[in-house]
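Undergrad: Below are the sequence and a predicted model; questions follow.
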Amino acid sequence: MIVAGFALLAVGAADLVRQFAPRRWIGYLTVAIILLLLGSVSDALLPMIAALAVGALWVWCMPSERRAPLGFWPAALLGILVIGTVVWLGPRQESGLIGGIWELRSPFGEIPFDLAVLSFGAGVFLLESANLVVRAALDGEHTWRPVDIARPSAAGESESAVTATAPPLAVTTDAATDPIDLTGATGPVDPLSGFKGGRLIGPLERILVLILTLAAAYPILAAMLAAKGIVRFPEISRDGETGARAEYFLVGSLVSWVIALGAAFLVWWAAHS
């Protein structure tokens, strides 16, 4: 369990640090030192070193500035790793120095240190790392994205897609990213203007899915997911015969929800093991 928690924490922290370019190496070094200290006091230094290696491989395989060279596979391998360690290794009996002073209570009982690390690591992963996974899924399926559309000019020119040879944009997309409203606007697309809100909505949505699933609040969860579809329906209905917006919404949202539900199931399994 601790291996899975450290791996998710290292990957999620690395992706958060990547957002603070250009001196991201300072953030990488700081995070590595903090995590190594955490591994030392919890008698899990070797698992933490392995987790840092996983985080470094993740940063190389899932770049934020361009398409992922290996596509969706790094996320699938990471999922197999964390699920395998939780299922087969299980919880530890001792948690090192920090185990002697660790005490965290909840309405469901006391939360062990290893379970707290796994839950926190899953939450950190859902913030930015899941955005990269969703983007890799959209890229792998060659799904249309709002940023690929040029806004109509003042003369009433129709919307036209950018060709496949267009340079990649340094923008991360997310399953819950709200498509840009292209009607009535003038000038070229500003990649940053349409995705700041979506990159915040997506992580918040996944965190809510995680919390509501663990709390067994399934009616509220179903209502929230249904409300998202209702809100997006006017935008999707303007697709005409292409179905581009519908495909974008469905692929992105389903991948995002699967990641959040998978994280919730992982924490649930660990709590009951």
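TA: Ah, there it is. Numbers count the residues shown, from 1 in each chain.
Undergrad: and the lengthiest helix in the chain, which residues are buried?
TA: Assignment by DSSP state H gives helix 244-272 as the longest helix of the chain. Of the residues in helix 244-272, 244-253, 255-260, 263-264, 266-267, 270-271 count as buried by neighbour count, 16 or more other Cβ atoms under 10 Å. C-beta here means a position set from N, CA and C on the backbone, and glycine is covered the same way.
Undergrad: Going along the chain from the least confident helix or strand in the chain by mean pLDDT, find the next helix or strand for me.
TA: Lowest mean confidence among the helices and strands of the chain (mean pLDDT, DSSP states H and E): strand 160-161, at a mean of 30. Per DSSP states H and E, the first helix or strand lying C-terminal to strand 160-161 is helix 196-214.
Undergrad: how big is the angle separating that following helix from helix 244-272?
TA: Using axes from the mean of the first three to the mean of the last three Cα atoms, to 10 degrees, the inter-axis angle of helix 196-214 relative to helix 244-272 is 40 degrees.
Undergrad: Quick check: mean pLDDT of helix 196-214?
TA: Helix 196-214 carries an average pLDDT of 85.
Undergrad: Can you give me the buried ones in that helix?
TA: Of the residues in helix 196-214, 198-199, 201-203, 205-210, 212-214 count as buried by neighbour count, 16+ other Cβ under 10 Å.
Undergrad: low pLDDT regions in the protein?
TA: Scanning the chain for pLDDT under 70 picks out 21, 141-199, 235-236, 239-243.
Undergrad: Try it again at 80.
TA: 20-23, 90-91, 99, 106-109, 140-200, 229, 232-248, 273 (pLDDT under 80).
Undergrad: if I look at the most centrally placed residue in it, how far off is Phe108?
TA: In the chain, the C-alpha nearest the mean C-alpha coordinate belongs to Ala130, at 1.4 Å (Cα atoms, centre = their mean). Applying Cβ to Cβ, to the nearest Å, the value for Ala130 to Phe108 is 25 Å.
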